[in-house]
Each structure stands twice: as structure tokens, then as C-alpha cells.
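Asker: Sequence unavailable; structure follows:
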């Protein structure tokens, strides 16, 4: 071998020995009070992301560099600790401490930070908080756990979109939902389906794959996402492999569901009584109600239905026929592990939920591979790959006659089945159960992948470059068939097929600088550029007239009655920087700046600028508090910044044209008026907060006060119809949100019996401050927009009950005095669907091998308008079955009641009014989980790491004065402005599950 080659080999071997020099450290981490091993303790090599977790006995094994390594030890419920590696074996004890550890790693935009160094407002929920719960969608894990996040599930329909609001409502026509990022990949969270009730694309994400969910609430944390952040940002981080031996985990649970409440409707005898009375008191200008020949209930019913069911012995509870016994099953398994160079996680799950509404079902199968590999001291690569297939067997819109909940309108005197033994088609209203017989179906099938790949280069110990590409590919296929016996499929069958594919490609490149100049000065900085391209295309076709109900595909249709196709796209190009500086471990400052360019705006307004600044003072590090026995941690922080909202139509600023046909001749017509002055909605937000910990952090918490001012709200405003158009999108409004958030955590008991508690309360006050013109309520709805009023304020006629003298319905006139003439009643403010405050309180108990989690969630205020009351609680105006409270109707002079006299075919209090507005406050025992961990002495004999069996419940109890099905309601078909509306909307499911988790 030549000398140069020999020298090269020596240099290579020396460098390799430096690069790969590692030592194996083993040890055990125990509780200082009990001496018991602590499982799932996080052990991170200081200054790196390398680490592992302790096993069920508290033992760990980790490869660390030989030179001057320190380990950062953190665990839920214990004070954190930094330990120098002084030998091959370490025995470490932890003191019971704050359950919300100050040294835990929190995910922020494009990076991570230690909790105690954060000077912004972020809510965090980890997988430990929602393990083993049958969540239809991961957002529900935030409900009652994350301060400042208001979630309304809307209804008990599986796979339907939730309403998620971060610090109030910051838009009218643009999207109101927070921006969602999964493992650094922005994803599609808007509905893709064709129904007027939006589906929920986020339901395709498996909650069991999630490690943590961070909600960026203030401008300092969210402005790094610029034009997408006005509604807050949700960062989802999936689980990854940890250094250590390979671990196999598996779990299974099964359970049963039923509605949180069944409503009470009239039985057959009550039905006949109230409608006999209503017929007797029918009012008409051509008929004297005191005449000797009044209407007869039986005769009128026969005339309307063509049946003699009035005289039958039928007594059918149609309201209960809308429901079925729900069920749920889930299977999941994962394999994870790794060494100092490669870490991996492979997981798979299958979830099958049978809803509480007839025919409603949601299945979801998922697979995931997450891999991180260190090539050498410079380069690191990795990928997160997920695949999901879901099938949602949907039910119709609340507003459809085929909605099963509208079955409660059918009189109890009518039978479920006809003389031929089939479902009865002679009911006064459509028998919606027919929609679910034979080959009828309404299926939405979704295939989705949210995946990324990255390469990271350590240029020097202080400087890292990272490039990541991500893809969210989402394919929705809708298929519906309705046979000839159905309402919408008659007379010869109906079939509809629709396919939508939405994809978002993102490329993110960042340069991260992190340096401690000395023990008193630390700087971290980030610079990046991001490009995003989104595309959506779809096609649909409708067929009619089939040979029989056995033929369900479009190919068998005699008539192709409609066909559609569409394609749209958008682009974003962004530049951003961020810096954070820490002085003397107590003075913290930060700033960020982002520039977004979007194809959704004209060249004059294409770019938006979104800056933010923040500052913090860790007062507990000052000499006057540093040695305090009471104050363990105290930090004052404040932030101010600007965020935007670009979630509008891709071409709202353009005038658009579309093809049109006249007979067999095609042509082009204008379909939309554009406004090239259209610009970003932007929100300026100020936040001041206090983080505290007392008594060695056994008591800790946060208090935040915020103010958000949104300018240039986008709204479709009316234009004179003479030009052929009814609306145009413009920036025409402003809105404010102000509120307070309080979180309090406590380790009440430590030792053998442990009790940890967490309480959070939040509020927001919303006000529209500028609007070109008020947006009044429409049709049967009550929500409106007006300057000085909150978003969606209820505006209508005030109902005053029944006149004790004659049973007439009374309303408030312009002076607030009673009148029985509805035309003289004056509209006024009659309610507010926004909550006064909301939150949750969560308890964790453990004793020896037993553990118990109880989570409660509450809302105070938030009025609800039950539109269905116009039909089901209307004094028997027509033959709809009535709610049981209508039996309290006015019967004789002197009666004091809120239910006017029943009058068939006559309006006597059934007009739109406050009669059906109620307080929507509620307290719900959201989840309960009781588990038992099989003793280690038994598990060792069968070579198992862990075995936990448990029983759990969700929506166990609900306490409310609302008389509808469920106070957590918001029917979707009425649009954004109409919050808190209920229209035959199904309740939440109460679910009991039993399960087992195994670790090998």
C-alpha cells in the first residue's frame, strides 16, 4: 500500500472512531417516595433529539457519546432532572412534581422548544390524555382539555365535520376552522363531499397514531404560518420510534353505544286528545268556532292521510325507530425501536363504529411507517408514511324528509309496517326507514395519505439545514342508490356517483441556528422558504330509471340526467424568519416575520406581511424569588402580531365565465363578478400571560388575556339583480374577540395513592365592529350580523306565552307589551349562541396497579334555537306528532301556561319566535377510564412487558336544562352565520367500552 493511501486510511479510521464513538449506558429510574420504578420516563441526550423511554419497570438502555454527555430526564407528574453520564450504570430518582412539566418538549411552528422558554400561548394535549377512547375524530381529544379551544361536535352523525374555534370567531365567509399541520405537512381540512352537511376529512386520521397535539393560539406562536393562522393553528405530531430494544404493542377494545337522550313524544291516547281539541278549536273567517258543527279530529286525519288509522290500536314510538344499538371495535398493533442511528415505528389499526342512527357506520383502516436514520455526523434522513381507507355510511341532511330523526313527526297511531308486511308507505310523512332497506345505500369512501420525507444536514454544531417534502393526497368517492319505493328514488330508481381528488404538495426548506454564547446568553434563529401547490378535481354523474332495484350502478340507468366536472388549484410561496434570545435564563425575547404570496389574490394584493414580537420575564430566577419555598416558577409574557386568512375561493377576485347551452347550441356566459381589489383578511392580536408554579410545582397554571381585531372581513354582499348577479365578494367588515383563559394544575396527593387534577376555563366576547349593512335572519333561522352585536346573534320576535283569558299566543310589540297579532310584534335581540365561558376539569387517580381517569367538560351560555319546534311543539297546527310538553296546553280561562290553545290548520304561536330558544348550558362527564395493570411478577412468567385491562365510557352523563336531544348541537345546512340551531339533529352517543393493551 502506498504512503498516501495508508495515510488516508489512518485518517478515515480516526475520523470514524470519533464519529461513531459511543458507550452503552443502562440504569433505572425510581420514585423518590416509594422506590418504585417509573415507566415511560423520557430520557434525552442534552443538545440532541436522541433518547429513549424507560420500560414498565423503570429500566432503560441508551447509546451515548463518550465525552461529557448529560441526560435530560422528564416524566409526567415528576420534577425534571439533568444527570451527567458518570458511568455505565445510572440509578436515578425523581421527585414528585408538576404534572405539566416545565422541561417538556413542546412542538412549535417548524421546530420544538422547552416549555419554560416559551413566551407565547400554546395548549398541548398528549396521547396519554386520550388513549383508549373511541374518538370518531382526533379533534375531540382537545374538547375540555385545551384552554381557548371551543369544540362543538354538531351532531351524533359519524364522520361529520366538527366546529372548532380557537379564541372565538375571526371570519364570516372565509374558513373559520383552524389551520392543521400533520408532521410538518399542511393538510386539507375542508369538506370535499357534495352534501349540504360537510363531511370531516380529519376523521381519516387515526388518533392512536398521534403523539401530541399543540394548538398555537396567540400571534407569537401562529404568525410563523402567516396567512393561514387567523383561526389558530393545530400541530399534530405522530408517534416515532425510540432508541432501545424493539417493542411490540397491541390493543383491542369493543363497546356499545346508545343516544345520550331519547326525547318524549305523545303516545296514541295523548295524540288523539290534543288533535281532537285542535280540531274543535279550528279558526277560520268562514267558520264560526262556536258553531254546532266543528271539525272532528278523526275525520280530518282520514281526509289528510286516506287511512282509518285514527281508530286503530297502533301505538308506535316512531321517535325511537330512528335509532339503533351502536357498537364499536378497534384493533391496533405497532412495532417500534431502534439504535443510535436508526429509529422506526410500524403501526396498523382497524376501527369499526356502528352509529346510533339507523344505517350510520364508519370504518377506518390505517397503516403507518415512520423512520429516522442518521447517516453520519452530518446527514440525517427520515420519512413518515401513512395510508388510510375509510368508509362512511352516511345519513341524509337534517333538513331532508329521509333524515331518520324526522320519523318522530309520524303519528303514533300509524303502523310501522303495511298490510303486505313491508315498511308502511301510507304514513302522513315519508317513512325514512324505507331508505335503508334492500340495496339502498349512501356511501362515502375515502383513501388518503399524509406523508413526508426529509433530509437534515448538520453544517456545524450550531447550524442545521433541513429540507422536507410533504404530500396530502385525498380521494373521496361518493355513491348513492335509492330504490323505487324511496321518496327521492321513485318512481324507477335514482343513482349518483361522485369522485373528488384533492392534493396538497409542500416543500419546506429551513436553516436553524442555535448557540449558547456563554452560560448567560442563548440565541436560536430560523429562516425558511416554503412552496405549496394544491389541486382539486372532481366529476359526478346522476342516473335515473333502472330495470329493478337490483341494478344500482349508473351503467344500468336508462336516463343520464346530470353530469358535472371541475378542476381548480392554488399556489402559495412563503418566506419566513424567527429569532429567540434568552439572557441570564430569565429575560426572553422573540420575533418572527413571514411574507406569503397567494394565487387567490390579484397581483396588486398578492403578498401579505405577517410580523409578531414577544417578550418574557422569568421572575422566579430573580434573586428576590430564586430561593423561595413557595414560588417555584413565575413567568410574565406578552406578545403582539398579525395573522391572515386566505381560505376563500381560488378565484374570488376574478370575473369568471362558464359554458351554457340553449337547446343543442353551446355558448359562454358570465358566472361571477370579480373584484381585483380583494385582499387578505388580517387579525391583529395582543396577548399577556402569566405562567406560575408553587410548592415545587405541585400547583401550577397559566392565565392569559387576549384581544383579537380582525380587519377587512370577506363577505358576499348583495348587488342589484338587474345585472344578472345577486352577490359579489368584498372586504366589508371588522370584528373583535376578547377573552380570558385560566388553567390550573395540581398534584393533590403523591405517594402510593396519587391524585392529579387539571382545570381550565376560557371565555371570548365577540363583536362585529364594521359592516356595510346588517345581514338579517333568513327563512326560519334567527342568526344575524350587525354592528355592535356578537356573531350569529339571535334576532326575532319575543314569545310571551298564552293569553290566560282565551289561549291566544302572545308576542311582544314595539313597546314590549303583549299582542296576539303577530304582524304587530317587533323583532329584537332574543338570544346569543356564543358561550359565556367553557372548559373542563380532569382528574387522574392511581393506587398500586389501579388507575382512574375522569374528564368533565362544560359550557355556560350558548343559547340554542330548536327550529324543529315549529313542527313538533306547535299546538297541533298540523298532524305532526308533538313533544310531551304540549299536553300542558291552555284549556280554560285563567290557565297560566306557555303552550297556547291547540288549533288545527291555524297559526297560534307556531311562527318563528323566541318560543324555541333555550339556554344551551351543560356539564358533561366526557370520559371515564378505569384500568388495572397486571403485576410484573405474573407477566415475567409469560415474557410480557405490560398488560392492562380497562373499562371506559364516553359521554357518560349530561346535565342540562335544554329539552332537545343534546345541547352540543349545531345543524350544518343553515350556514356559517346560524350558530346554535337545532333541526331534527341527532344527539351524541354514550359509549361503554372494555379493552386490553399488551406490551412485549
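Answerer: That came through, no problem. No experiment lies behind these values; they were computed from the predicted model shown.
Asker: residues of stretch 381-388 that come out buried?
Answerer: For stretch 381-388, burial by neighbour count (16 or more other Cβ atoms under 10 Å) applies to 382-384, 386, 388. Glycine gets a C-beta too; all of them are placed from N, C-alpha and C.
Asker: so the residue nearest the centre of the chain, which of the three states?
Answerer: Closest to where the C-alpha atoms of the chain average out (Cα atoms, centre = their mean) is residue 139, at 3.7 Å. Assigned with DSSP: H, G, I helix; E, B strand; the rest coil, residue 139 falls in the helix class.
Asker: Was I right to think it contacts residue 154?
Answerer: No - contact criterion Cβ atoms under 8 Å: residue 139 and residue 154 do not qualify, at 11.3 Å.
Asker: Show me how the chain divides into domains.
Answerer: 3-96, 180-259+323-792+832-871+915-999 (automatic domain parsing).
Asker: avg pLDDT for the shortest one?
Answerer: Per-residue pLDDT values across domain 3-96 average out to 70.
Asker: what does the longest one give?
Answerer: Confidence over domain 180-259+323-792+832-871+915-999, taken as the mean pLDDT, stands at 93.
Asker: Same check on stretch 129-149?
Answerer: 88.
Asker: need the helices for this protein, in chain order.
Answerer: Using DSSP state H, the helices of the chain run over 3-20, 127-130, 219-222, 268-280, 297-305, 318-321, 623-626, 869-872, 936-941.
Asker: how about the last one: buried residues?
Answerer: Looking back up the chat, that one is helix 936-941. 936, 939.
Asker: What of the fifth one?
Answerer: Of the residues in helix 297-305, those buried under the neighbour-count criterion (16+ other Cβ under 10 Å) are 297-298, 300-301, 305.
Asker: How far off centre is that helix?
Answerer: 47 Å (Cα atoms, centre = their mean, to the nearest Å).
Asker: Check the buried residues of helix 297-305 against residue 777 and report the nearest one.
Answerer: Using Cβ to Cβ, residue 300 comes nearest to residue 777 of the buried residues of helix 297-305, at 32.8 Å.
Asker: Residue 255: which of the helices of the chain is closest?
Answerer: helix 127-130 (15.3 Å).
Asker: buried ones in that closest one?
Answerer: 127, 129-130.
Asker: which stretch among the domains of the chain comes nearest residue 118?
Answerer: domain 180-259+323-792+832-871+915-999 (7.9 Å).
Asker: tell me the contacts of residue 114?
Answerer: Contacts for residue 114 (Cβ atoms under 8 Å, 6 or more residues apart in numbering) come out as 102-106.
Asker: Most neighbours among those residues, which one?
Answerer: Taking other Cβ atoms under 10 Å as the neighbour criterion, residue 102 ranks highest of the contacts of residue 114 with 21 neighbours.
Asker: contacting residues around that one?
Answerer: Neighbour list for residue 102: 80, 114-116, 633, 693, 697 [criterion: Cβ under 8 Å, 6+ apart].
Asker: same thing with residue 482?
Answerer: 435, 440, 488-489, 493-495.
Asker: let's see 7 Å
Answerer: If a contact means Cβ atoms under 7 Å, 6 or more residues apart in numbering, then residue 482 has 435, 440, 488-489, 493-494 as its contacts.
Asker: How about residue 459?
Answerer: residue 465.
Asker: going forward, begin numbering at 688 instead of 1
Answerer: Yes, from this point I'll number from 688; that puts the last item at residue 1146.
Asker: Please tell me how far it sits from residue 1153.
Answerer: 11 Å (Cβ to Cβ, to the nearest Å).
Asker: Enumerate the beta-bridge partners assigned to the residue lying closest to residue 875 once chain neighbours are set aside.
Answerer: Closest residue to residue 875 apart from its sequence neighbours, by Cβ to Cβ, 6 or more residues apart in numbering: residue 1189 at 5.0 Å. Residue 1189 forms beta bridges with residue 1161, residue 1223, as assigned by DSSP bridges.
Asker: doesn't residue 1158 make contact with residue 1189?
Answerer: No - assessed by Cβ atoms under 7 Å, residue 1189 is found out of contact with residue 1158, at 11.3 Å.
Asker: Which of these two has more residues huddled nearby?
Answerer: residue 1189 (21 against 16).
Asker: and residue 1023, bridged to which residues?
Answerer: residue 934, residue 1032.
Asker: Just confirm it contacts residue 1029, I think it does.
Answerer: No - judged on Cβ under 7 Å, residue 1023 makes no contact with residue 1029 at a distance of 11.7 Å.
Asker: Neighbour count: these two, which is higher?
Answerer: For residue 1023 and residue 1029, the more surrounded residue by other Cβ under 10 Å is residue 1023, and the numbers stand at 19 against 15.
Asker: what sits against that one?
Answerer: Residue 1023 neighbours (Cβ under 7 Å, 6+ apart): 928-929, 934, 1031-1032.
Asker: And it, how far from residue 1497?
Answerer: 68 Å.
Asker: cool, residue 964 as well?
Answerer: From residue 964 to residue 1497 the distance is 19 Å (Cβ to Cβ).
Asker: Of those two, give the one with the bigger neighbour count.
Answerer: residue 1497 (22 against 19).
Asker: Report the beta-bridge partners for the residue nearest to residue 1531 when sequence neighbours are not counted.
Answerer: Closest residue to residue 1531 apart from its sequence neighbours, by Cβ to Cβ, 6+ apart: residue 1443 at 4.5 Å. Beta-bridge partners recorded for residue 1443 (DSSP bridges): residue 1434, residue 1531.
Asker: where's residue 1443 relative to residue 1641, distance?
Answerer: 21 Å.
Asker: ok, back up a step: can I assume the residue nearest to the centre of the chain is in contact with residue 848?
Answerer: No - using Cβ under 7 Å, residue 826 is not in contact with residue 848; the gap is 9.7 Å.
Asker: Quick check: end-to-end length of stretch 1656-1676?
Answerer: Its first and final residues considered, stretch 1656-1676 spans 13 Å by Cα to Cα, to the nearest Å.
Asker: hey, where'd the strands end up in the stretch 1438-1587 of the chain?
Answerer: With DSSP state E, counting those that start in this stretch applied, the stretch 1438-1587 of the chain shows strands at 1440-1458, 1470-1471, 1480-1484, 1486-1489, 1496-1499, 1505-1506, 1514-1518, 1522-1534, 1537-1548, 1551-1553, listed in chain order.
Asker: Residue 1575 is nearest to which of the ones you listed?
Answerer: strand 1486-1489 (9.7 Å).
Asker: Can you spell out which helices and strands pack onto that closest one?
Answerer: With contacts defined as 3 or more Cβ pairs under 7 Å, 6 or more residues apart in numbering; DSSP states H and E, strand 1486-1489 has these neighbours: strand 1496-1499.
Asker: mind listing what the strand it packs on pairs with, with the direction of each?
Answerer: Strand pairing for strand 1496-1499, determined by DSSP bridges: strand 1486-1489 (antiparallel), strand 1505-1506 (antiparallel).
Asker: for the shortest one, what is the average pLDDT?
Answerer: Translated: strand 1505-1506. 96.
Asker: hmm, who's touching that strand?
Answerer: 1487, 1497-1500, 1512.
Asker: about what we covered before: out of the helices of the chain, which comes closest to residue 1038?
Answerer: Comparing the helices of the chain by Cβ to Cβ, helix 814-817 comes nearest, at 14.1 Å.
Asker: Many thanks, have a good one.
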